[in-house]
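[1] below are the sequence and a predicted model; questions follow.
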Amino acid sequence: MRRMIIAALALIGVFVALYLTLYKMGVIGHLACGLGGCERVNTSKWAIFAGAPVAAWGVAFYTTTFVVALIGTSPSWIDRREIAYVLAGMSFVGVAFTAWLTYLELFVIEAICKYCVTSAVIVTAIFIVSIADVAMGSRVQSGE
Amino acid sequence: MANNNPPRNAKSAAAKPSSNRGAFYGILVAIVIVGIAAILYLKASPPSADSGASAQAAYAALQRDYAKAGPPRPYVMGDSTAPVVIEEFADFECPVCGSYATVTEPDVRRMIIDTHLAYYKYYDFPLPMHHNTQSASNAAACAADQGKFWEMHDQLFAGQDAWGLNPDGATQVTDNPKSVFMGYAKAIGLNTSDFEQCYDSKKEQARVNANAAEGFRRNVNQTPTFFINGKMFAGSIPYDVMKKAVDDAAAAKKSAPAAAPATTPAGTSAVNPAAKPAAPK
């Protein structure tokens, strides 16, 4: 059940990040300089990480998380604890990266993009559920 | 203890697995459908700006700051009797405006303005996060004093790299762009001492403020923003989109030639550009 929740959250995250990627590429909306938070955040130098838009990294992250969680729900993998560890590790990296981006938004760019905030909420929720997956798995195992 | 727990695990693994799984896949499909629909909806009607409370408050503060400015005095180009009026609100330091000015606008001038399809008006809309844009608007207004606004406009946009934003999109190439602007003034044949006097005294600041105020009255919040016979297009638009909008506006005007031209109150967002007097260059 927990991995199903993670998969569903990750799939929502895919679409949020996909929207921001298409926006950054100019496919959705028209490019502009603006007073709005998303324009300022998405046109800043921090919107690019390692040569690719941060939003595109988000698409890759959520897609990978979705696939791993989905595999983790299959009958042959549902009891495999490695999945729980992988999801917890991935989402920890996601939360840490998001925390850095949120710091940049608040204190450096001084603008907030609501879609970035939505992504931050999703990745945090994934992290909490994945930690629960690890913890509950440990409890069940010790119970056995 | 060990004998009590396994049934719970066995139960959780075995109880209604297929119905749970069916519901799970149903939810995933629903997320995909909603996600695709949301993206298509946003593509069809993109949000023009962040609707966050802080952004709205900042915008309201700017609207108040500019509320005292006088009537706008845009810079104009083309045939003032043309059936369509294109109004552009732009920021000289905005890279997207620069891209429009250098890539799209030459086609607009050649195929829409020079052919008398539309009359063109440019309004300053200096965004507060661009630190040199007020100086650039000042330089353009001073060039307009000598009848060479568009020449300075072209120099400013083509030369953004020399005085505007660094590639990081956040910091400026220089804190003092005046020497760059003096170079432009010389290149386009202005009287440089008159230009410098105008630039230093900021005597055209009221014009820049009045043009920006017009943008705030019309709820412009990003650059470039265009109004084509009063219809707003926020963000940079490609030539084809602009041409179609001009053709549609001309056709609409042709089909309703008896519309009263002077009934729109001045200063409202329902602009009837044809009713406006031509502003001096």
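    Great, that's in hand.
[2] thought residue A:22 was touching residue A:15?
    No: counting by CB atoms under 8 Å, residue A:22 does not reach residue A:15; the two are 10.4 Å apart. The C-beta positions use only the backbone N, C-alpha and C, and glycine is treated the same way.
[3] overlap in contacts of those two?
    When CB atoms under 8 Å, 6 or more residues apart in numbering or on different chains defines a contact, the residues bordering residue A:22 and residue A:15 alike are residue B:39.
[4] any idea how many residues pack against the residue lying closest to residue B:153 once chain neighbours are set aside?
    With CB to CB, 6 or more residues apart in numbering or on different chains as the measure, residue B:140 is the residue that lies nearest to residue B:153, at 5.8 Å, once sequence neighbours are left out. Residues within reach of residue B:140, counting by other CB atoms under 10 Å in any protein chain shown, total 26.
[5] equivalent analysis for residue A:94, please.
    Residues contacting residue A:94 under the criterion other CB under 10 Å number 26.
[6] so who does it touch?
    Listed by CB under 8 Å, 6+ apart, the contact set of residue A:94 reads A:61, A:65, A:123, A:126, A:127.
[7] residue B:242: which of the residues you listed is nearest?
    Using CB to CB, residue A:61 is the member of these that lies nearest residue B:242, at 37.9 Å.
[8] centre-most residue in chain A?
    residue A:123 (4.2 Å; CA atoms, centre = their mean).
[9] without its sequence neighbours, what residue ends up closest to it?
    Counting by CB to CB, 6+ apart, the nearest residue to residue A:123 once its immediate chain neighbours are dropped is residue A:94, at 4.4 Å.
[10] how about residue A:106?
    The spatially closest residue to residue A:106, leaving aside those adjacent along the chain, is residue A:112, at 7.1 Å (CB to CB, 6+ apart).
[11] and that neighbour, which of the three is it?
    At residue A:112 the chain is in coil, as set by DSSP: H, G, I helix; E, B strand; the rest coil.
[12] how deep is it tucked in, by neighbour count?
    Residues contacting residue A:112 under the criterion other CB under 10 Å number 19.
[13] and the pLDDT at it?
    For residue A:112, the model assigns a pLDDT of 75.
[14] how close does it sit to residue A:13?
    Residue A:112 sits at a distance of 18 Å from residue A:13 (criterion: CB to CB, to the nearest Å).
[15] then residue A:125?
    The gap separating residue A:125 from residue A:13 is 9 Å, by CB to CB.
[16] ok, the two, which is more surrounded?
    For residue A:125 versus residue A:13, the count of surrounding residues by other CB under 10 Å is larger for residue A:13: 26 against 16.
[17] ok, that one - contacts?
    Residue A:13 makes contacts with A:58, A:61, A:62, A:65, A:66, A:119, A:122, A:123, A:126, as judged by CB under 8 Å, 6+ apart.
[18] any idea which of those has the most stuff around it?
    Note: the member of those with the most neighbours is residue A:126, at 29 neighbours, neighbours being other CB under 10 Å.
[19] and the contacts of residue A:13 as TSV, adding pLDDT and secondary structure?
    Formatted as TSV, those follow (pLDDT from 0 to 100; DSSP: H, G, I helix; E, B strand; the rest coil):
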residue	pLDDT	secondary structure
A:58	90	helix
A:61	93	helix
A:62	94	helix
A:65	93	helix
A:66	94	helix
A:119	90	helix
A:122	93	helix
A:123	92	helix
A:126	93	helix
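[20] just the residues you listed now: which is nearest residue B:67?
    Where the contacts of residue A:13 are concerned, and distances follow CB to CB, residue B:67 has its nearest neighbour in residue A:119, at 37.0 Å.
[21] you'd agree that closest one is up against residue A:58?
    Yes: checked against CB under 8 Å, the pair residue A:119 and residue A:58 is within contact range at 6.1 Å.
[22] quick check: neighbours shared by these two?
    Contact criterion CB under 8 Å, 6+ apart; residues bridging residue A:119 and residue A:58 by contacting each: A:13, A:16, A:17, A:20.
[23] chain B: which of these is nearest?
    The shortest separation between chain B and any of the shared contacts of residue A:119 and residue A:58 is 8.5 Å, and it belongs to residue A:16 (by CB to the nearest CB).
[24] distance check, the closest one against residue A:9.
    To residue A:9, residue A:16 is 10 Å away according to CB to CB.
[25] between those two, which contacts overlap?
    Overlap between the neighbourhoods of residue A:16 and residue A:9 consists of residue A:122, taking contacts as CB under 8 Å, 6+ apart.
[26] identify the residues contacting residue A:10.
    Residues in contact with residue A:10, defined by CB under 8 Å, 6+ apart, are A:62, A:63, A:65, A:66, A:69, A:122, A:126.
[27] what about 7 Å?
    By CB atoms under 7 Å, 6 or more residues apart in numbering or on different chains, the contact set of residue A:10 is A:62, A:65, A:66, A:69, A:126.
[28] repeat for residue B:135
    Residues in contact with residue B:135 (CB under 7 Å, 6+ apart) are residue B:177.
[29] can I assume it sits in a helix?
    Yes: Residue B:135 forms part of a helix when assessed by three-state DSSP.
[30] quick one, helices of the chain?
    Unless you meant another one, I'm taking chain A. Taking DSSP state H as the criterion, chain A contains helices spanning A:2-25, A:37-42, A:54-73, A:81-103, A:114-143.
[31] right idea, wrong chain: chain B
    Along chain B, the segments classed as helices by DSSP H run B:6-14, B:17-44, B:53-66, B:95-99, B:105-108, B:133-145, B:149-158, B:160-163, B:178-187, B:192-201, B:205-217, B:239-255.
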